[in-house]
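Chemist: With the input below, show me the fold.
(2 chains)
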2 protein chains.
Amino acid sequence: MNETYAKLKTRLAVAFDLGAIGRRGIPGLLFWDQQTMMPPGGTRVRAEQLATLSRVANDFFVSSETERLLEEVRPYEESLDYESDEASLIRVARQDFEKASRVPADLRADMSRASSHGLEAWTRAKASSDFETFLPALERNIELRHRYIECFDPADEPYDILLDDFERGMKTAQVRTIFERLKEEQVPLIAEIGERDDPSLDAVVNGDYPVDAQRAICHEVVELFGYRPGTWRLDPTVHPFASGPSIDDIRITTHYAEGNLASLFATMHEYGHGIYEHGVDPAYERTPLGGGVSLGLHESQSRMWENLVGRSLPFWRFFYPRLQAAFPSQLASVDVETFYRAANRVHPSLIRIHADEATYNLHIILRFELEQDIFNGRVELRELPEIWNARMHEYLGVDVPDNAHGVLQDMHWGGGHIGYFSTYALGNVISLQIWERVLSDITDLHEQFERGEFEALKEWLRDRLHRHGRKFTPAETLEKVVGGPIDAGPYLRYLREKHGAAAAV
Amino acid sequence: MNETYAKLKTRLAVAFDLGAIGRRGIPGLLFWDQQTMMPPGGTRVRAEQLATLSRVANDFFVSSETERLLEEVRPYEESLDYESDEASLIRVARQDFEKASRVPADLRADMSRASSHGLEAWTRAKASSDFETFLPALERNIELRHRYIECFDPADEPYDILLDDFERGMKTAQVRTIFERLKEEQVPLIAEIGERDDPSLDAVVNGDYPVDAQRAICHEVVELFGYRPGTWRLDPTVHPFASGPSIDDIRITTHYAEGNLASLFATMHEYGHGIYEHGVDPAYERTPLGGGVSLGLHESQSRMWENLVGRSLPFWRFFYPRLQAAFPSQLASVDVETFYRAANRVHPSLIRIHADEATYNLHIILRFELEQDIFNGRVELRELPEIWNARMHEYLGVDVPDNAHGVLQDMHWGGGHIGYFSTYALGNVISLQIWERVLSDITDLHEQFERGEFEALKEWLRDRLHRHGRKFTPAETLEKVVGGPIDAGPYLRYLREKHGAAAAV
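Modeler: Residues are numbered from 1 along each chain as shown, chains lettered A, B, ... in the order given. Take a look at the predicted model:
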């Protein structure tokens, strides 16, 4: 092995251990611990510990020594095949380095502080439903994002630079084209579904579901989907997320609420994130190639296990008797088709995180459009609540009663994460592109689900997608899996077939 | 505030966050996570993460920048009162720095590797009871400790340098004097107790105790002793320990075994460690003054809550009805005096960690003497099993059946921790010095225990001992609490009164 390459790899491993680079979109051990295990008394010092780790890791990575090694390794890099692990590691490290070294330490510190303050202000504002309380923090976050954008060479659109942090290489114009098409088809489709809505289905998934039985059934589904024993855990938390301290140490979380079965679908969702991280080539552990390649690709995996597997009739034909056994008094008199329809009920609502698979994207498109308007100076920040409410009516036909259920519902803007939302809808779109490929390769997939078998799907995903980690760009990765660029077609076909006028169980 | 001092403090806080310095004798978050939560799949990468953190923290602390700040701050230090927090922080940081900077990075790395290999060899050797398997690793550890000793100025005895890592400032000669006195009195005392032993008591604490009820009663005792809600947790593990990621985030562990009530006494023991860390002045958080001052003082606190509180008759007069309620079928027909005698049965045995309070020290003294002989070249390492077995017979009258129950029982030598064992017995001795003071200040202490009140004891300990953290040396700290140096008198008085011929319930 090339000596400079070996030195570079060792240096990157240290930066990786310190938690700085690479694992985009999936939190580390300290976050997991804070959300699941830490006594509340630890909060203040934990914030200091996190800040220290991130600062030390950044200083270590964005250093003249890293720069020197990246320069020195160039002849070796050029002698290698583009697709070799070595060339890829150097290439991705170089991209990470070039991006990270553009941002002065002062600005990074300002952004980090503003993010903490913003989240704190958002928490207060949401509690009182008062947008004015949040406005100064939002202004500060936006101002700092403008300064952040100025650190980079001009892009086609300034927003491209923000988007790139979450979906490397994706352009705002591409997202706009996809979202326009989604909106065009989804708005009328949702109106059409609404005419056939059966609100009585609500009582099936919302009812008295004891938490202990939920916990058991959530563990059962994770084992069924195929986590290897000794490589994962599932814990309760307030807001579900997945964390991966290492490839064979995957930790997912879910939220158990007495009144509904949402924990089960949240578990499947986080399983999808977790199994992506677990499927990365073990050779990429502690390198910049570790972890999922982008938030969009990550979300395609969580959405796939939640919606395409977990809300499918074949899955429920196998799993429903187990669910009935866990909740006999609640479900004994409900048949599997009724449960399936309840789990798939489309119903426009106020809150993004509770939205069904057909209305979800419109929540995202609204946020993407507002972020565009903000960065292009087309709206005043103080007008946001009004515009939010008008668009919610236009796209989903719902009336927002207050800002806590409207513009203040998400924490992202408080934390300064502008450009993040789009990746959720991109994930939905990509999940169906991949799914069409899966179905054409595994022709008896639904029969397998009906027998409770998920191994073939899991292996297909690992082999085609997961193992690559961050080796290729998101676009290259998608190209390898589906043979082309991002395309809304499969997703819209799926929605029409499942929920359109012709759909029937 | 002096500017250099502020810079130094910030730098030390970073080193502290990275987990290097200060918290002697109490493990950090990554260790806690590994022992309680981590899926086994995470083991390999966790070792890398721990090595990285320790290396980066050490490099950061033992740096020319720290050295420069420590020089520059000297005039300010000299202008301050010895007992001021600022002077103490600089003084302790300087001592830590001088000690850490003596050891070359290569030797540190060699010791760390040898420790890993040694623990691995020890695990295999213990499983097969074969000392020969362990011998090369032990030889390597001893050789590296000799090299370590050579890094420092000559001490009265080379062993002083090893001891200093666990009990700053303590001399081998002092320990020897104390241990000689303990041995002289404890060996005949134990023989005397043995003549009055009632083996039938064994059946009281060893029986069918379901783990769920043990868990509930362990949580109850921790709450009773007085951890503040939201600042601690208690989890199961294989080998009990206490961890403190921060002052208000204390995590203790215990081991639940179906067949006995040892979990309860282990919980009280770890409570003692945890409440010491929790009682340190919050101003010392993230500074070299944080954490307990030495292993001996730490052990004095764990032993106090386990033995002086948790095995006392006044405590059981209050708590026994609760224990009976938790285990009605096991304990309904056992009266409190019988239970008290069972919990205090003195019975020489093979294994240190299962030893009762009267025989425990002899296990330690044996190890201390062997470590002396090893470092003074008076024994060949391969003779250790034979010598071990002979001394076990001499001190405790027991015959060692195999090395797994003899010289191979403890992991310490495998990990290279030579000089550590003494602190356990020093802790026993110190616990009684402090206890005599407590009893003379809180004259109705036993009446308080009988009412289930432990607040006065906890506050006394916090005010006299815990809050000081590492501000003073262990000897200065002890002087402040008990008004004199370490002294075996109170401990021997206690043993005679509790277990001697005149003792009666």
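Chemist: all contacts plus neighbour counts: C-alpha atoms, from now on.
Modeler: Noted.
Chemist: Once you drop chain neighbours, what's closest to A:Lys480?
Modeler: Closest residue in space to A:Lys480, ignoring its immediate chain neighbours: A:Arg464 at 7.4 Å, by C-alpha to C-alpha, 6 or more residues apart in numbering or on different chains.
Chemist: The one you found touches A:Glu479, doesn't it?
Modeler: No - no contact is recorded between A:Arg464 and A:Glu479 when judged using C-alpha atoms under 8 Å, the distance being 10.6 Å.
Chemist: quick one: which of those two has more around it?
Modeler: Residue environment comparison for A:Arg464 versus A:Glu479 gives the larger neighbour count to A:Arg464, 16 against 13, counting by other C-alpha atoms under 10 Å in any protein chain shown.
Chemist: The host helix or strand of A:Ala47 vs chain B: in contact?
Modeler: Secondary structure assigned from DSSP states H and E places A:Ala47 in helix A:43-61. Yes - contact between helix A:43-61 and chain B is present through A:45, A:48-49, A:52-53 (criterion: C-alpha under 8 Å from any C-alpha of the partner chain).
Chemist: Would you verify that A:Glu447 is located in a helix?
Modeler: Yes - with the criterion set as DSSP: H, G, I helix; E, B strand; the rest coil, the secondary structure at A:Glu447 is a helix.
Chemist: Now do the residue lying closest to it once chain neighbours are set aside, the pLDDT please.
Modeler: With sequence-adjacent residues excluded and distances taken as C-alpha to C-alpha, 6+ apart, A:Glu447 is closest to A:Pro314, at 7.1 Å. As predicted, A:Pro314 sits at a pLDDT of 98.
Chemist: count of residues packed around A:Pro314?
Modeler: 20.
Chemist: Distance of it relative to A:Asn428?
Modeler: The span separating A:Pro314 from A:Asn428 equals 20 Å under the rule C-alpha to C-alpha, to the nearest Å.
Chemist: what's the answer for A:Glu285, then?
Modeler: Distance, A:Glu285 to A:Asn428, using C-alpha to C-alpha: 28 Å.
Chemist: Kindly report the same for A:Met38.
Modeler: Counting by C-alpha to C-alpha, the separation of A:Met38 from A:Asn428 is 33 Å.
Chemist: ok, the residue nearest the centre of chain A - contacts?
Modeler: With distances taken as C-alpha atoms, centre = their mean, the residue of chain A nearest its centroid is A:Glu299 (4.2 Å). Applying C-alpha atoms under 8 Å, 6 or more residues apart in numbering or on different chains to A:Glu299 gives the contacts A:273, A:423-424, A:426-428, A:431.
Chemist: and the closest residue to A:Thr52 other than its chain neighbours, what helix or strand is that in?
Modeler: By the measure of C-alpha to C-alpha, 6+ apart, the closest residue to A:Thr52 outside its immediate chain neighbours is B:Val14, 6.0 Å from it. When secondary structure is defined using DSSP H and E, the element that contains B:Val14 is helix B:3-17.
Chemist: buried set for that helix?
Modeler: Judged by neighbour count (16 or more other C-alpha atoms under 10 Å in any protein chain shown), helix B:3-17 contains these buried residues: B:4-5, B:8-9, B:11-17.
Chemist: Show me how far stretch A:427-447 is from its chain's centre.
Modeler: For stretch A:427-447, the gap between its own C-alpha mean and the chain's C-alpha mean amounts to 19 Å (C-alpha atoms, centre = their mean, to the nearest Å).
Chemist: Check stretch A:259-279 too.
Modeler: Distance of stretch A:259-279 from its chain centroid, counting by C-alpha atoms, centre = their mean, is 11 Å.
Chemist: residue ranges of the strands in the stretch 101-250 of chain A, please?
Modeler: Assigned by DSSP state E, counting those that start in this stretch, the strands in the stretch 101-250 of chain A fall at A:232-236, A:242-246, A:249-254.
Chemist: Return the set of buried residues in the next helix-or-strand element following the longest one.
Modeler: Scanning forward in sequence from strand A:249-254, with DSSP H and E defining helices and strands, the next element found is helix A:262-278. Of the residues in helix A:262-278, those with enough neighbours to count as buried (16+ other C-alpha under 10 Å) are A:262-278.
Chemist: circling back to that earlier point, how distant is the helix holding B:Val14 from the center of its chain?
Modeler: For helix B:3-17 - counting by C-alpha atoms, centre = their mean - the centre lies 28 Å from the chain centre.
Chemist: ditto for stretch A:125-145
Modeler: The chain centre lies 24 Å from the centre of stretch A:125-145; the measure is C-alpha atoms, centre = their mean.
Chemist: which residues are contacting it?
Modeler: Residues external to stretch A:125-145 that are found in contact with it (C-alpha under 8 Å, 6+ apart): A:107, A:110-111, A:114-115, A:117-118, A:121-122, A:124, A:162, A:381-382, A:385, A:402-404, A:408-409, A:413-416.
Chemist: Stretch A:275-291 too?
Modeler: Judged by C-alpha under 8 Å, 6+ apart, the contacts made with stretch A:275-291 from elsewhere in the structure are A:9, A:12-14, A:16-17, A:21-24, A:88-89, A:92-93, A:227, A:244, A:246-250, A:292, A:298, A:301, A:462, A:466-471.
Chemist: Which member of the buried residues of helix B:3-17 is positioned nearest A:Val336?
Modeler: Nearest to A:Val336 among the buried residues of helix B:3-17: B:Asp17, at 53.1 Å, using C-alpha to C-alpha.
Chemist: how close does that closest one get to A:Thr52?
Modeler: Separation of B:Asp17 from A:Thr52 (C-alpha to C-alpha) stands at 7 Å.
Chemist: hang on, isn't A:Arg345 packed against A:Ser200?
Modeler: No - A:Arg345 is not in contact with A:Ser200 according to C-alpha under 8 Å; the separation is 10.2 Å.
Chemist: Counting neighbours, go ahead and name the busier of those two.
Modeler: Neighbours were tallied for A:Arg345 and for A:Ser200 using other C-alpha under 10 Å; the higher tally belongs to A:Arg345 (20 against 8).
Chemist: Checking A:His417 next. Helix, strand or coil?
Modeler: A:His417 - assigned by three-state DSSP - is coil.
Chemist: In three-state terms, label A:Arg311 for me.
Modeler: What three-state DSSP gives for A:Arg311 is coil.
Chemist: Tell me who's in contact with it.
Modeler: Under the criterion of C-alpha under 8 Å, 6+ apart, the neighbours of A:Arg311 are A:340, A:343-344.
Chemist: Same list, those, but as a markdown table with neighbour count please.
Modeler: Below are the contacts of A:Arg311 laid out as a markdown table (neighbours: other C-alpha atoms under 10 Å in any protein chain shown):
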| residue | neighbour count |
| --- | --- |
| A:Tyr340 | 23 |
| A:Ala343 | 21 |
| A:Asn344 | 19 |
